[in-house]
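1. no letters, just coordinates:
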């Protein structure tokens with residue numbers, strides 16, 4: 001999931017274009033981009049689009065993941081969002097404004113009820129957005145709160161703007177990215193980079209994406225189609241990392257068979273930490 005494109009739930013005219021885009025995932029939004037009075041209509045529009053035969057055929061053909069950002073668990077809109085979005089083709093529910101691990105359990109309980117009511121047999125995963133100081137401080141607790149959590153997503157816009165932190169200072173972004181990445185490492189979840197609001201700033205988007213890639217992030221959110229190609233190019237390098245991980249694991253198995261715990265591969269000494277990292281890389285790829 002190198003790239004995921006945010007699609008406002010209040011803009012059904014964008015849905016088909018998003019489906020045809022080069023993004024690896026579509027992230028329908030029921031939260032910030034939808035007014036209070038438009039929530040019901042947006043739910044209906046998304047559900048109708050995903051239920052159509054044409055959409056389901058296209059998803060089966062192009063392999064896109066479907067994500068829905070619902071309103072926060074403490075929001076009056078949350079229950080209706082979950083009930084409407086428990087759909088067969090929804091892979092992940094994105095939970096925003098979450099600060100407490102107990103909120104994850106609350107969300108899972110609601111999701112389980114919705115899945116049962118809709119006869120959904122494949123559990124829908126959770127993508128938790130970390131966008132407040134409290135959430136960042138408790139990120140490891142949140143990441144380990146329930147097995148349904150697939151990943152954490154960084155929300156730098158909300159986090160930095162509330163604190164008057166300059167988003168363009170890459171050192172500040174690096175510190176937060178690293179903290180969340182370490183938290184996901186403890187929880188065995190993936191880390192995903194958030195949106196970049198300056199749509200015309202391709203260079204800024206690329207620099208932030210490259211920094212996230214260097215820290216082991218899976219991909220980056222896009223709020224405009226022009227950002228997709230950049231995200232795909234930056235995070236497409238993961239293919240090389242996966243190939244290297246496979247080679248390390250295969251060589252480690254051969255070395256173990258003759259009683260060796262360390263060995264050389266491509267001029268590099270490989271021992272337990274590198275082997276464990278390679279196995280974790282492959283396990284994470286299997287979860288995507």
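-> Nice, I can see it. Being a predicted model, the structure only gives us computed values, none of them experimental.
2. what segments of the stretch 51-200 of the chain are helices?
-> Here the stretch 51-200 of the chain has its helices, by DSSP state H, counting those that start in this stretch, at 53-62, 78-85, 101-117, 133-137, 139-143, 156-161, 170-187.
3. packing partners for the first one?
-> Helices and strands touching helix 53-62, by 3 or more CB pairs under 8 Å, 6 or more residues apart in numbering; DSSP states H and E, are helix 15-20. To be clear about C-beta, it is placed using only N, CA and C from the backbone, and glycine gets the same treatment.
4. contacts for the helix it packs on next, please.
-> 5, 7, 26, 45-46, 49, 55, 58-59, 62, 64, 225 (CB atoms under 8 Å, 6 or more residues apart in numbering).
5. which SS state does residue 264 fall under?
-> Put simply, residue 264 is strand when judged by DSSP: H, G, I helix; E, B strand; the rest coil.
6. how much space separates it from residue 271?
-> Computed as CB to CB, to the nearest Å, the residue 264 to residue 271 distance reads 10 Å.
7. which one of the two has more residues nearby?
-> Looking at residue 264 and residue 271 with other CB atoms under 10 Å, you find the greater number of neighbours at residue 271, namely 13 against 10.
8. now do the contacts for that one.
-> Applying CB under 8 Å, 6+ apart, the residues contacting residue 271 are 261-262.
9. what is the residue nearest to residue 218 when sequence neighbours are not counted paired to in the beta sheet?
-> Distance criterion CB to CB, 6 or more residues apart in numbering; nearest residue to residue 218, sequence neighbours excluded, is residue 190 at 4.5 Å. Beta-bridge partners of residue 190, counted by DSSP bridges, are residue 151.
10. ok, residue 190 to residue 107 distance?
-> 18 Å.
11. ramachandran angles for the residue lying farthest from the centre of the chain?
-> The C-alpha centroid of the chain is most remote from residue 258, which lies 40.1 Å away (CA atoms, centre = their mean). Main-chain dihedrals, residue 258, degrees, to the nearest 10: phi -110, psi 20.
12. distance check, it against residue 26.
-> Taking CB to CB, one finds residue 258 at 48 Å from residue 26.
13. hang on, the earlier thing: so among the contacts of helix 15-20, which ones count as buried?
-> Neighbour-count burial (16 or more other CB atoms under 10 Å) applied to these gives 5, 7, 26, 45-46, 49, 55, 59, 64, 225.
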